[in-house]
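Chemist: Coordinates for the following, if possible.
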Amino acid sequence: MKKEFVMRGQTASGQTEVLNFSGYKPGYAYRLTEFQIYPSTNIGDQNFEMCASITAAKTAVAPTDVNFNDEGLLATVLITGSTSIGNSMVEYGVVNDTFLITQNLILMMQDTVASKPTNWQIRFVAEKMSGPEEAVANYRQYTISDD
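Modeler: Predicted structure coming up:
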């Protein structure tokens, strides 16, 4: 089994994507290690502010209104760019890389300036688990997604 893999795509503003882990291999879980977004606009010619979130919960977490007390929130990222400051681009991100993923996740994007689609890339690492570790990881994610 590959130790590391990447999911990537482009999502319309205000929309969600399901990151499908339903075909995962028994005895393995996944850790989210990196989450990046990138505009689909002409970044040298436009201002932009885009944000995204990844959750293990039943519903998406609005990336414009995250709460780090939400146990299902696994990652959030914000990227901004301004033509008035010499085409500067700034990205902030927080990733919970300790959460063992065994079920599907929900990704949500929001472009707060122009409602353009946003490109995203997420890196995961596979982790071998013992039977008891797998049971705990499955139960934890189930309780979060069942709220």
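Chemist: Mind exporting the C-alpha coordinates of the helix or strand residue 135 falls within to CSV?
Modeler: Applying DSSP states H and E as the criterion places residue 135 in helix 131-145. The C-alpha atoms that make up helix 131-145 are tabulated as CSV, following Å, rounded to 0.1, in the frame of the first residue of the first chain:
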residue,chain,number,x,y,z
GLY,A,131,-7.2,-4.3,15.7
PRO,A,132,-7.9,-2.2,18.9
GLU,A,133,-6.5,1.0,17.3
GLU,A,134,-8.8,0.5,14.3
ALA,A,135,-11.8,0.0,16.5
VAL,A,136,-11.1,3.2,18.5
ALA,A,137,-10.4,5.2,15.3
ASN,A,138,-13.7,3.9,13.7
TYR,A,139,-15.7,4.6,16.8
ARG,A,140,-14.3,8.1,17.2
GLN,A,141,-15.0,9.2,13.7
TYR,A,142,-18.4,7.5,13.8
THR,A,143,-19.4,9.4,17.0
ILE,A,144,-18.3,12.7,15.4
SER,A,145,-20.2,12.1,12.1
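Chemist: where's that helix relative to the chain centroid, distance-wise?
Modeler: For helix 131-145, the distance from its own C-alpha centre to the chain's C-alpha centre is 20 Å (CA atoms, centre = their mean, to the nearest Å).
Chemist: can you check stretch 59-69 too?
Modeler: Put simply, stretch 59-69 sits 11 Å off its chain's centre (CA atoms, centre = their mean).
Chemist: now swap in stretch 70-87 and tell me
Modeler: For stretch 70-87 - counting by CA atoms, centre = their mean - the centre lies 12 Å from the chain centre.
Chemist: How about the residue nearest the centre of the chain: what's its closest non-neighbour residue?
Modeler: Nearest to the geometric centre of the chain sits residue 54, at 3.3 Å (CA atoms, centre = their mean). Sequence neighbours aside, residue 75 is the residue nearest to residue 54 in space, at 4.4 Å (criterion: CB to CB, 6 or more residues apart in numbering). All C-beta spots, glycine's among them, are computed from the backbone N, C-alpha and C.
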